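Student: I would like to see how this sequence folds:
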Amino acid sequence: MTTFHELGVDPDLVDALASEGIVDAFPIQEQTIPLAISGQDIIGQAKTGTGKTFGFGLPLLQRVGADPAEGVQALIVVPTRELCVQVYEDLELAAKNRRATVVPIYGGKAYEGQIEQLKAGAQVVVGTPGRLLDLANQRVLNLKNVREMVLDEADKMLDLGFLADIEKLFSLTPATRHTMLFSATMPGTIVTLARRFMSKPIHIRATDPDEGAMQANIEHIIYRAHSLDKDEVIGRILQAEGRGKTVVFMRTKRAAAKLQEELVDRGFNAVSVHGDLNQDQRERAMASFKAGKKDILIATDVAARGIDVDDVTHVINHTVPDDEKTYLHRVGRTGRAGRTGIAVTFVDWDDMHKWALINKALDFGIPEPQETYSSSPHLYTDLNIPEGSKGRLKATPVKERSGSGRGAGRDGARRSGSGAGSESAGEGRTRRRTRDGNPGGRGRHETHGHEAHGHDAEGGGEPGAPLERASAGERAEEAGSPRRRRRRRRGGSGRSSGEAAGAAAEGGAAEAGAQSAVAE
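Tutor: As a prediction, the model looks like this:
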């Protein structure tokens with residue numbers, strides 16, 4: 001293996017990567033880094049996961065310099081917010097020993113913080129086309145001094161309709177800049193783009209991690225499954241011996257949210273990333289998965305762009321992908337960096353025609369996937385699932401709460417949903433809870449509703465982040481817990497419709513003095 005030092009990378013950049021255990025270069029890095037450092041324009045044909053971020057990032061940082069003047073000198077354009085965050089994090093790591101500042105610029109985030117970073121003199125910008133142009137039109141982002149420009153996943157940007165935006169961004173930079181373009185495929189439009197905006201580029205094709213050696217690292221298991229039994233099958237697969245971080249791909253965002261709730265209810269540590277979540281929620285979910293706080297990530301194809309986690313052991317396709325390219329992209333989340341991986345795909349009866357095309361294109365030789373149920377013996381042997389495992393983890397006693405208001409976020413999922421249904425989570429009311437051993441004491445207050453804020457499920461959320469909804473299991477626990485009993489409240493507008501109805505029904509008894517308190 002070739003080291004970054006041998007490729008001519010500056011010592012401070014080499015040391016920054018070595019501190020994270022990154023020493024040897026991937027094939028695309030070996031090919032691109034020496035050429036890029038010399039100022040050669042490059043067209044790199046590579047997908048996410050090949051190591052291309054450092055392939056263009058290290059030369060870019062080296063050419064910008066260890067102590068650059070203030071102002072944007074390098075621009076990296078990416079198609080999605082998730083990829084923007086990933087590239088930013090990699091470059092920030094590499095640049096931690098030098099004074100160059102890297103900033104991410106993308107939609108879904110407040111303008112103010114991004115504008116402040118640009119005005120503070122950031123030199124390296126990673127961004128999505130829409131927000132970059134927006135800030136450029138506001139004359140906040142000045143691209144006139146850009147010396148280094150990278151277009152990453154260019155084909156995906158064209159698929160998303162960003163061609164006009166890309167051309168506009170190019171026109172805002174000097175014609176003498178050093179340019180690198182990376183794309184998984186090379187359609188005619190990409191070639192035309194390169195001819196217009198690049199100077200005598202060299203075409204480098206990296207080994208695709210979705211092909212060749214990488215495929216040998218992955219065991220592909222294909223089952224014909226019944227839709228009503230899938231959740232149970234997944235629950236048993238998640239108990240397989242050696243199962244680490246797992247990504248489950250879903251077809252729709254509603255299905256992703258539903259499966260997350262189901263798995264959490266079954267006792268698993270799952271988060272989801274899909275289009276119904278705002279950007280902060282997506283980032284917190286991805287961060288918790290990367291950090292290992294959550295070991296199951298449920299994602300849709302679009303939201304999964306930019307998932308770059310080396311230690312994923314299992315990928316589960318809840319439904320068969322639409323084509324072989326999507327299949328390869330999904331299963332490419334596992335078996336990375338020389339590790340082995342397992343990819344399990346469920347094929348519905350109605351989707352056999354899709355599987356037939358994928359099977360033919362990838363030459364799997366499995367025209368008829370094995371019919372499989374949660375009780376099928378071969379499921380246990382194929383995936384090394386302990387005998388007797390069910391699709392639900394054994395229930396564990398609910399930990400006693402300290403009543404401090406922060407305890408729930410430390411040792412389990414945050415209870416942020418409504419209790420026994422007596423309050424509407426969308427009405428922003430204040431709920432009062434009595435503490436153990438203090439029946440006459442003051443309760444703890446929590447504000448509920450769509451504007452409620454607090455810590456995320458891992459206990460590490462920032463103030464102002466929306467609370468996560470409680471799962472069905474958590475709501476059931478709340479409703480059935482003796483600690484959730486409340487004393488009758490004083491009258492007033494703060495009562496919910498459920499409380500008002502209860503008060504009306506019990507009015508006669510209360511007036512007669514038959515009860516001094518009503519348990520909800």
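
Student: how about the contacts made by residue 100?
Tutor: Neighbour list for residue 100: 61, 64, 65, 66, 67, 68, 123, 124 [criterion: C-beta atoms under 8 Å, 6 or more residues apart in numbering]. All C-beta atoms are positioned from the backbone trio N, CA, C, and that covers glycine.

Student: now the first one: which helix or strand?
Tutor: Taking DSSP states H and E as the criterion, the element that holds residue 61 is helix 52-64.

Student: mind listing what the very next helix or strand once past that helix pairs with, with the direction of each?
Tutor: Following the chain from helix 52-64 toward its C-terminal end, the next helix or strand by DSSP H and E is strand 74-77. Here strand 74-77 has these sheet partners by DSSP bridges: strand 124-127 (parallel), strand 148-151 (parallel).

Student: residues in contact with strand 74-77?
Tutor: Applying C-beta under 8 Å, 6+ apart, the set of residues contacting strand 74-77 from outside is 56-57, 60-61, 63-64, 87, 91, 123-129, 132, 143, 146-152, 157, 166, 169, 173.

Student: tell me the angle the next helix or strand after it makes with helix 52-64.
Tutor: Under the assignment DSSP H and E, the closest C-terminal helix or strand after strand 74-77 is helix 81-94. Using axes from the mean of the first three to the mean of the last three C-alpha atoms, to 10 degrees, the direction of helix 81-94 lies 50 degrees away from that of helix 52-64.

Student: and helix 81-94, average pLDDT?
Tutor: Predicted confidence along helix 81-94 averages 92 (mean pLDDT).

Student: distance between it and the chain's centre?
Tutor: Here the centre of helix 81-94 is set off from its chain's centre by 13 Å, with C-alpha atoms, centre = their mean, to the nearest Å.

Student: tell me the strands beside the helix or strand following it, with direction?
Tutor: The first helix or strand that comes after helix 81-94 along the chain, using DSSP H and E, is strand 102-105. The partner list of strand 102-105 in its sheet, established with DSSP bridges, is strand 124-127 (parallel).

Student: who touches the strand it pairs with?
Tutor: The contact list for strand 124-127, computed with C-beta under 8 Å, 6+ apart, reads 60-61, 64, 72-78, 84, 87-88, 91, 95, 100-106, 118, 132, 141.

Student: burial of residue 267, as a residue count?
Tutor: 16 (other C-beta atoms under 10 Å).

Student: meant to ask about residue 277, not that
Tutor: When neighbours are defined as other C-beta under 10 Å, residue 277 has 20 of them.

Student: what sits closest to it if chain neighbours are left out?
Tutor: With C-beta to C-beta, 6 or more residues apart in numbering as the measure, residue 285 is the residue that lies nearest to residue 277, at 7.1 Å, once sequence neighbours are left out.

Student: tally of neighbours for residue 163?
Tutor: Residue 163 is flanked by 17 other residues according to other C-beta under 10 Å.

Student: er, residue 58 actually
Tutor: For residue 58, the number of neighbouring residues by other C-beta under 10 Å comes to 29.

Student: isn't it up against residue 4?
Tutor: Yes - contact between residue 58 and residue 4 holds when scored by C-beta atoms under 8 Å: they sit 6.9 Å apart.

Student: list the residues that contact both of these two?
Tutor: Residues touching both residue 58 and residue 4 comprise 13, 29, 33, with contact defined as C-beta under 8 Å, 6+ apart.

Student: wait, residue 42 touches residue 183, no?
Tutor: No - the pair residue 42 / residue 183 is not scored as a contact, 11.4 Å apart, by C-beta under 8 Å.

Student: give the residues shared as contacts by the two.
Tutor: Jointly contacting residue 42 and residue 183 under the rule C-beta under 8 Å, 6+ apart is no residue at all.

Student: contact partners for the spatially closest residue to residue 151 that is not a sequence neighbour?
Tutor: Once its chain neighbours are removed from consideration, residue 151 has its nearest residue in residue 181; the separation is 4.5 Å (C-beta to C-beta, 6+ apart). Contacts were defined as C-beta under 8 Å, 6+ apart; by that measure residue 181 touches 42, 43, 44, 150, 151, 154, 190, 193, 194, 198, 201.

Student: and the second one, how many neighbours?
Tutor: Put plainly, it is residue 43. Per other C-beta under 10 Å, the neighbour tally for residue 43 reads 22.

Student: mind putting the strands paired with strand 74-77 into CSV with mean pLDDT and distance to residue 376?
Tutor: Shown next, in CSV, are the strands paired with strand 74-77 (pLDDT from 0 to 100; distance: least, C-beta to C-beta, whole Å):
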stretch, mean pLDDT, distance to residue 376
strand 124-127, 97, 47
strand 148-151, 97, 48
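
Student: would you reformat the ones you listed as a markdown table and include distance to residue 258 and mean neighbour count?
Tutor: Conversion of these to a markdown table gives the following (distance: least, C-beta to C-beta, whole Å; neighbours: other C-beta atoms under 10 Å):
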| stretch | distance to residue 258 | mean neighbour count |
| --- | --- | --- |
| strand 124-127 | 33 | 26 |
| strand 148-151 | 37 | 26 |
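
Student: roughly how far apart are the residue nearest to residue 69 when sequence neighbours are not counted and residue 140?
Tutor: Nearest residue to residue 69, sequence neighbours excluded (C-beta to C-beta, 6+ apart): residue 123, at 7.7 Å. When C-beta to C-beta, to the nearest Å is applied, the distance between residue 123 and residue 140 equals 15 Å.

Student: can you give me the domain assignment for the protein?
Tutor: When the chain is parsed into structural domains using automatic domain parsing, the resulting residue ranges are 11-205, 213-383, 409-500.

Student: list the contacts for residue 53?
Tutor: With contacts defined as C-beta under 8 Å, 6+ apart, residue 53 is in contact with 86, 87, 90, 91, 152.

Student: make that residue 249, sorry
Tutor: With the criterion set at C-beta under 8 Å, 6+ apart, residue 249 makes contact with 299, 300, 301, 304, 315, 316, 317, 318, 321, 330.

Student: report the secondary structure state of it.
Tutor: At residue 249 the chain is in strand, as set by DSSP: H, G, I helix; E, B strand; the rest coil.

Student: and the pLDDT at it?
Tutor: In the predicted model, residue 249 carries a pLDDT score of 95.

Student: and if you look at the one 10 residues further on?
Tutor: Residue 259 is assigned a predicted lDDT (pLDDT) of 96.

Student: check the one 10 residues further on too.
Tutor: Residue-level confidence at residue 269 comes out at 95, pLDDT.

Student: mind putting the domains of the chain into a markdown table with distance to residue 389?
Tutor: Conversion of the domains of the chain to a markdown table gives the following (distance: least, C-beta to C-beta, whole Å):
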| stretch | distance to residue 389 |
| --- | --- |
| domain 11-205 | 31 |
| domain 213-383 | 5 |
| domain 409-500 | 19 |
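
Student: so where is this protein shaky, pLDDT-wise?
Tutor: Across the chain, the stretches falling below the confidence threshold (pLDDT under 70) are 47-49, 207-216, 302-306, 337-338, 394-520.
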